[in-house]
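Q: Provide a 3D model corresponding to the input given below.
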Amino acid sequence: MNGKTVLITGASRGIGAAAAYAFAKAGANVALVARSTDDIAEIAGEIGEKALAIPCDVARYSDVASAVAATAQTFGGLDVLINNAGVVDPIGHLQDTDPQVWSRTIDINVKGVMHGMHATMPGMIAQGHGTIINISSGAAHGPVEGWSAYCSSKAAVYMLTRAADKESRDKGLRIMGLSPGTVATQMQRDIKASGMNPISQLDWSVHIPPEWPAQALVWMCTPEADAFLGDDISLREDDIRRKVGLI
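A: All right, here's what the predicted structure looks like:
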């Protein structure tokens, strides 16, 4: 990743923060994008001069477009976009959820991903190369009780991944998704606190550390992952874990 530039949304904690450290360790310039200004500034400070912290609400296209422009201007281009920002709220049966909170999840999880892709793809197409990885979920492919907004949003992101790949693979873009499984992050703490569905009952020890999907994201930027273009890679599969170097 030496000389490459990576923009990561939702970079203030969890998978996003771990990815920022992993890409920086691999030699990349890293733009950390999130609403949590202090958190991304602290992480960028720890990484050093190869990191840039950009306050941004991915639900607002103007924020995302500005973040992409600032990244390209600072580092001379953009090679990789990691669409990681996401929320799981509201957790509850569909008829009991607040429609405004439900809609906010779509704004962040679906529109936020589309905003990132829309803002980065023209530049990537113009330069003839680029990688976009959308954080997916098993919830994209099957319903989970209490997660109507989250499941719907992740299913939409999966189709965004497939549609964008169909339209732009021949233009040099590599677009795919990562389904990491259950990860030991604040989102899993919120899920556990809800007490809703079997996932909330899982013992904390079964969740993988965020460094695992971070390592997978770096691997996905290599030609070894080309067989998975336009699809989701599941980190629950032992074969993938071996390829990534986790086993």
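Q: alpha carbons only for contacts and neighbour counts from here, please
A: Will do.
Q: next, the buried residues of the lowest-mean-pLDDT helix or strand in the chain.
A: Sorted by mean pLDDT, DSSP states H and E, the helices and strands of the chain end with helix 186-194, the least confident at a mean of 90. Residues of helix 186-194 classed as buried by neighbour count (16 or more other C-alpha atoms under 10 Å): 187, 188, 191, 192.
Q: so for residue 212, what's the nearest residue that isn't a sequence neighbour?
A: residue 246 (7.2 Å; C-alpha to C-alpha, 6 or more residues apart in numbering).
Q: which element is that neighbour on?
A: Taking DSSP states H and E as the definition, one finds residue 246 inside no helix or strand.
Q: that one contacts residue 213, correct?
A: No: using C-alpha atoms under 8 Å, residue 246 is not in contact with residue 213, being 9.8 Å away.
Q: so who does the closest residue to residue 180 other than its chain neighbours touch?
A: The shortest distance from residue 180 to any non-neighbouring residue, by C-alpha to C-alpha, 6+ apart, is to residue 235 (4.8 Å). Residue 235 makes contacts with 178, 179, 180, 181, 213, 216, 241, as judged by C-alpha atoms under 8 Å, 6 or more residues apart in numbering.
Q: check contacts around the closest residue to residue 109 other than its chain neighbours.
A: Nearest non-adjacent residue to residue 109, counting by C-alpha to C-alpha, 6+ apart: residue 86, 5.0 Å away. Shown in contact with residue 86 (C-alpha under 8 Å, 6+ apart): 10, 105, 108, 109.
Q: wait, a strand at residue 86?
A: No: Residue 86 is assigned coil when assessed by DSSP: H, G, I helix; E, B strand; the rest coil, not a strand.
Q: related to what we said a few turns ago, comparing residue 246 and residue 213, which shows the higher neighbour count?
A: Neighbour totals were compared for residue 246 and residue 213, and residue 213 leads with 28 against 14 (other C-alpha atoms under 10 Å).
Q: how about the more buried one, what does it touch?
A: Per C-alpha under 8 Å, 6+ apart, neighbours of residue 213: 15, 19, 178, 180, 235.
Q: pull the most distant pair out of those.
A: The largest separation in those, counting by C-alpha to C-alpha, is between 19 and 235 at 14.8 Å.
Q: and the gap between residue 74 and residue 210?
A: Using C-alpha to C-alpha, to the nearest Å, we find residue 74 at a distance of 28 Å from residue 210.
Q: out of these two, which sits in the more crowded spot?
A: Using other C-alpha under 10 Å, the more surrounded residue of residue 74 and residue 210 is residue 210, with 20 against 16.
Q: hang on, isn't residue 199 packed against residue 192?
A: Yes: using C-alpha under 8 Å, residue 199 is in contact with residue 192, at 7.4 Å.
Q: export stretch 122-130 to PDB, keeping only CA atoms.
A: Extracted as PDB, the C-alpha positions of stretch 122-130 are listed here (Å, rounded to 0.1, in the frame of the first residue of the first chain):
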ATOM      1  CA  PRO A 122     -15.400   9.700 -11.300                       C
ATOM      2  CA  GLY A 123     -11.900  10.300 -10.100                       C
ATOM      3  CA  MET A 124     -11.100   6.600  -9.900                       C
ATOM      4  CA  ILE A 125     -12.500   6.000 -13.400                       C
ATOM      5  CA  ALA A 126     -10.500   9.000 -14.700                       C
ATOM      6  CA  GLN A 127      -7.300   7.500 -13.300                       C
ATOM      7  CA  GLY A 128      -8.200   4.000 -14.500                       C
ATOM      8  CA  HIS A 129      -8.100   2.300 -11.200                       C
ATOM      9  CA  GLY A 130      -9.600   2.200  -7.700                       C
END
